[in-house]
Structure formats: C-alpha cells, structure tokens
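Provide a 3D model corresponding to the input given below.
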Amino acid sequence: GEDGGQPVPAAPSRAQVFATVVDTFLEKLVAAGSYQRFASCYRCFYKLQPEMTRGIYDQFVSQLQASIKEEIQEVKDEGNLEVLFNSLDKIAEEAQSREEPAWRPSGIPEEDVRSAVVPYLLKHRSYLRKVLKEKEEENGKVAESVLAGRERIAELQQLIQARKRAWQ
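From the prediction side, this is the model:
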C-alpha cells in the first residue's frame, strides 16, 4: 500500500495498554487534585507558608501515586495479570491467523447442540457396538462350554445307566 515501505507497527500488548490506562488515570488524578485546589483548601496555611504548602502537596501527590501503583501491582501479581494478558494476546494472534472463522452460535439451539453432541454420540455408539460384540463373543464361548458340559453330563448319565444294567 501507500505506507512508504515502513513496517506496520505491531498492536500494543494488553499489558502495555493496561499500563498506559493506569498512567493516564494517575495523570488525570493529579490534574483533578491540582495545586490550586489544594492551596485553596488550606488557604490560611498557604498564606503563611507557601513554599511548605507546595512541598506538602508534592509529597502528598507522589505518595498517592506510589501507593496506587503499589496497589495495582499487587492486583496484577495476585491475579497473575501479566500471564493472562500474554495468553490473551497469543489467543488473539492465533485467531487472526486462522483461515476459517471461529465457531459462533447459529441462533438455533437445536442445531448448535446437535453439532456438539452428535460427534460424541457417534463415538459412544461405536464404543457400545465394540462392547456388545465382545459380550456376544463371550456369551458364545459360555454357551459352547455349557453345551459341552451338558453333553458330558449326558455321556456320564449313559455310562452310569450302562454300568447299572451291567451290575444288575
């Protein structure tokens, strides 16, 4: 395009955006709590000690900023925000490089459920068919051994009858 051969700058990471938002918030906070407002709140003291009033104000603002930054850093550490921001950035990058669009609900719950459930049900059906086949084979073997056992019992009964007759 008409970019003069310059590479397109990468979008800032979520962590960088977050840091910028925090810095902007702190700047606006300091602007809202301007020295003029501070001095007007402590007018009598300001008239007596203007330099000291300025020093107290500067100290107050820097301590406020430091404690807010500290609190935000604690939140970032406790919530593991850096790692979460990075993984969100990776997910977004991967989504951009994908050819087909990500799945979205169609608005027809029955179809959405079907698309998710049918593969599972098909897998389950093939598993059940496999188990059924195994059970049928097992039952076949058991039936054979039962028949063999019955034949053996019949043979023994005939043998007993033959010996009985021979004995009599």
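
tell me the domain ranges of the chain?
14-97, 116-167 (the TED database).

what's the model's confidence in the last one, averaged?
Domain 116-167 carries an average pLDDT of 93.

again, but for the longest one
If you average the pLDDT over domain 14-97, you get 88.

Could you look up the SS state of residue 103?
The three-state assignment at residue 103 reads coil, by DSSP: H, G, I helix; E, B strand; the rest coil.

Do a quick rundown of the helices in the protein.
According to DSSP state H, the chain carries its helices in the segments 14-32, 35-41, 43-48, 50-78, 81-97, 109-167.

what sits up against the first one?
With contacts defined as C-beta atoms under 8 Å, 6 or more residues apart in numbering, helix 14-32 is touched by 12, 61, 64-65, 68-69, 72, 81-82, 85-86, 88-89. Yep, even glycine has a C-beta here, placed from its N, CA and C like the rest.

export the domains of the chain to CSV and tack on mean neighbour count?
Converted to CSV, the domains of the chain look like this (neighbours: other C-beta atoms under 10 Å):
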stretch, mean neighbour count
domain 14-97, 12
domain 116-167, 10
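
returning to that earlier point: among the helices of the chain, which is nearest residue 103?
For the helices of the chain, proximity to residue 103 was assessed by C-beta to C-beta; helix 109-167 is nearest, at 8.3 Å.

chain center to that closest one, what's the gap?
Counting by C-alpha atoms, centre = their mean, to the nearest Å, helix 109-167 is centred 45 Å from the centre of its parent chain.
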